[in-house]
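[1] Here you go, sequence then predicted model.
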Amino acid sequence: MKIGNKHIPKEDIYILEKGVDIELFKDFTQICNNLSKQSTQQKQPSEDECRDLLLDSAVPFSRKKELLALLSMREKIKVLRLLESLSNHTEIEQELKPWVYFATHCCRVGIENSLGGDGETQKFYIITGLGGSGQKLRFCIFFFKKKGVNLQEFQTEILKKETKFELEKVGGELESFFYNDPYFIVNCLIPIGLSYGGIFKRIRTSTSLYGDFLESNIWATNAKKLSPEEIDEILSKIRKEGKEALGENSPETLNLKKIEGDGLLSDEDFENYSIFEEDFDFPEKDENPSDEEEDSEEE
């Protein structure tokens, strides 16, 4: 697999299993950058002092984030073991646990890459909002029903079966599938290095043989698992104000976040990972079924 000008063997690419919130990732990276710019003369707390401060309920949350970022930059086995022990510690606040998890990962990456010597055995890590498993990235895909279509139960089942078939054909996995008018939500795992847009479009094309009930555009993200309520809110806002009103929550910016060691990779470095995007007039939910729909239900 190609990253920039380098060809990286797939066995050297790792996907962080748990998803990492985009805002947490940005905040954590900024704190690390700020810490790295501080004078080396400035005294920093020891590992034991960091532990005591992290377990102290009186210490502000902002300070605890700084301490975790500081620990993550120390390439020591002792620090890694400390962070691992904190992840299950009962005195660690729930809201701090994602920070502990990410700090543990960054510390582990630093240690592993430092053991690589000349860099020939450097490992590359991919971090997204939805995470993944093994060599597979997790995606949340949305297929939209055409407005006015009288959806048949068998069509929903066909879409589910075709989705499962196309995913398994490329080594992927269907994790969940459900319909919430006017969209279908698919959560799945797909191996890295594939044309994701092509897979999604093939699913739509094969399904269209059983009735033209889907919009031609597809929305996919690996940044966040959206609930039906969140999706309805996004669609409602798009209809009223246009896609630009959503800012960082728009489909175009719900994209991949990738990391190599402690450095952010650009979209160009992982161009195969870019979610395909098209202009899309989001369909509205059918408020009132047509007479044809009512007749078909009676039959």
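    Yep, it's here.
[2] what helix or strand is the closest residue to residue 45 other than its chain neighbours on?
    Leaving aside its sequence neighbours, residue 45 sits nearest to residue 53 (Cβ to Cβ, 6 or more residues apart in numbering; 6.7 Å). Bear in mind the C-beta positions are built from the backbone N, C-alpha and C, glycine included. Element membership for residue 53 (DSSP states H and E) is helix 47-54.
[3] ok, residues contacting that helix?
    Here helix 47-54 makes contact (Cβ atoms under 8 Å, 6 or more residues apart in numbering) with 45, 59, 63-64, 67-68, 70-71, 74, 76, 78-79, 82, 86, 92, 96.
[4] hmm, back to that, okay, now the residue nearest to residue 45: neighbour count?
    15 (other Cβ atoms under 10 Å).
[5] mind starting the numbering at 54 from now?
    All set: I'll call the first residue 54, so the last point we hit is now residue 106.
[6] Roughly how far does it sit from residue 144?
    Counting by Cβ to Cβ, to the nearest Å, the gap from residue 106 to residue 144 is 12 Å.
[7] ok, now residue 232?
    According to Cβ to Cβ, residue 232 stands 43 Å off from residue 144.
[8] which one of the two has more residues nearby?
    Each of residue 232 and residue 144 has its neighbours counted (other Cβ under 10 Å); residue 232 has more, 16 against 9.
[9] what kind of secondary structure is that one in?
    Three-state call for residue 232 (DSSP: H, G, I helix; E, B strand; the rest coil): strand.
[10] Where does the nearest residue to it once chain neighbours are set aside fall, secondary structure wise?
    In space, residue 232 comes closest to residue 209 once its chain neighbours are excluded; the distance is 5.5 Å by Cβ to Cβ, 6+ apart. Here residue 209 sits within helix 206-222, counting by DSSP H and E.
[11] What is that helix packed up against?
    strand 226-233, strand 236-244, helix 249-260 (3 or more Cβ pairs under 8 Å, 6 or more residues apart in numbering; DSSP states H and E).
[12] Kindly export the first one (C-alpha atoms) in CSV.
    Taking Å, rounded to 0.1, in the frame of the first residue of the first chain, the C-alpha atoms of strand 226-233 are listed here in CSV:
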residue,chain,number,x,y,z
GLU,A,226,-18.4,-7.7,7.4
LEU,A,227,-21.9,-6.4,7.9
GLU,A,228,-22.3,-5.5,11.6
SER,A,229,-25.8,-4.0,11.6
PHE,A,230,-28.5,-2.9,9.2
PHE,A,231,-31.8,-1.1,9.8
TYR,A,232,-34.3,1.2,8.1
ASN,A,233,-35.6,4.5,9.5
